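Novice: sequence isn't available, so here's the structure alone:
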């Protein structure tokens, strides 16, 4: 962890958290990690994550990774983005507008399509899902390959039954099997305006939602968990304890933070 507490990165090969739920607070961002139950057969953790933020410039940037076979592909992506850290942070320093997010997308594509990165991917064992999220002012932007999930929890959206921002995509990875080697690389990109008031962004790998007995398969159950207390870190720790109690094998990584929006969000013209 960086001494300034404004950035953090980890891959499961560094510490696997098998049988050991772990949470900590990094600025306003809660990081939760669990490597699964050894009694269910878990013995390694192939997840990874990266977090950067700048409170003064009002942005957060996060990457969620869920690799399989080995964590080499997750480690490769974290190193790739750390090599481009200055450029990405520079883009995030600009005002939130369509051009800013478009430039971030173009930068990410240039990284993933570079011959150096493609060559490195051919030499790793395994591949990873990759979810990249940037929040600037009252907007959240994402770039998604594979099946990691981004939720946006807000009372107005929950009342409409809306929780999830990206669509999970199966058979889509970066690494030894690589979407960016295709004639047409496949990925999803989106932008959403946050609602006025308290917005909670919640990123997770699939261990949480594919746990035996599926306590968190329905996003409403995750949303409702946060109504029990104001302490997000304790709620996320209890989530990890709950999937541990269900004898989950797959690892789970969670990133969660709140964004308070003062500006009035879009509303129907007849309201």
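Specialist: Done, it's in. Fair warning: this is a prediction, and the values are worked out from it, not measured in the lab.

Novice: in this protein, where is pLDDT below threshold?
Specialist: Along the chain, segments meeting pLDDT under 70 span 1-5, 228-229.

Novice: hey, where'd the helices end up in it?
Specialist: Ranges of helices in the chain, per DSSP state H, are 72-83, 85-92, 98-112, 115-121, 155-159, 219-225, 232-245.

Novice: pick the most buried one from these.
Specialist: Greatest average neighbour count among the helices of the chain goes to helix 72-83 (a mean of 21), per mean count of other CB atoms under 10 Å. All C-beta atoms are positioned from the backbone trio N, CA, C, and that covers glycine.

Novice: how far is that helix from where the chain is centred?
Specialist: Computed by CA atoms, centre = their mean, to the nearest Å, the chain-centroid distance of helix 72-83 equals 15 Å.

Novice: that one vs helix 85-92, what angle?
Specialist: Angle of helix 72-83 versus helix 85-92, following axes from the mean of the first three to the mean of the last three CA atoms, to 10 degrees, is 70 degrees.

Novice: the chain should start at 657 in everything you say after this.
Specialist: All set: I'll call the first residue 657, so the last point we hit is now helix 728-739.

Novice: which outside residues touch helix 728-739?
Specialist: 665, 667-669, 702-704, 706, 719, 721-723, 744, 767-768, 773, 776-777, 780-784, 786, 829-832 (CB atoms under 8 Å, 6 or more residues apart in numbering).

Novice: related to what we said a few turns ago, using TSV, lay out the helices of the chain together with distance to residue 797.
Specialist: Shown next, in TSV, are the helices of the chain (distance: least, CB to CB, whole Å):
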stretch	distance to residue 797
helix 728-739	15
helix 741-748	10
helix 754-768	5
helix 771-777	21
helix 811-815	17
helix 875-881	20
helix 888-901	22
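
Novice: can you tell me which of those helices comes nearest to residue 682?
Specialist: Smallest distance to residue 682 across the helices of the chain (CB to CB): 10.3 Å, for helix 888-901.

Novice: circling back to that earlier point, residue 796: which of the helices of the chain is closest?
Specialist: helix 754-768 (9.9 Å).

Novice: what inclination does that closest one have with respect to helix 741-748?
Specialist: Angle between the axes of helix 754-768 and helix 741-748 is 160 degrees (criterion: the same axes, to 10 degrees).

Novice: name the helices or strands packed onto helix 754-768?
Specialist: Judged by 3 or more CB pairs under 8 Å, 6 or more residues apart in numbering; DSSP states H and E, helix 754-768 is in contact with helix 728-739, helix 741-748, strand 783-792, strand 795-801.

Novice: and for stretch 891-906, what's in contact with it?
Specialist: Residues contacting stretch 891-906 (CB under 8 Å, 6+ apart): 675, 677-679, 686, 688-690, 692-693, 695-698, 861-864, 866-869, 871-872, 878, 881-882, 884-885, 908, 910, 912.

Novice: so which of the residues you listed sit within strands?
Specialist: 678-679, 686, 688-690, 908, 910, 912 (DSSP state E).

Novice: which one among those residues gets closest to residue 755?
Specialist: Taking CB to CB as the measure, residue 755 lies nearest residue 912 of those, at 28.8 Å.

Novice: relative to residue 922, how far out is the closest one?
Specialist: From residue 912 over to residue 922 the distance is 25 Å, taken as CB to CB, to the nearest Å.

Novice: with residue 682 instead?
Specialist: Distance of residue 682 to residue 922, given as CB to CB: 31 Å.

Novice: next one: residue 758
Specialist: Noted for residue 758: a distance of 20 Å to residue 922, by CB to CB.
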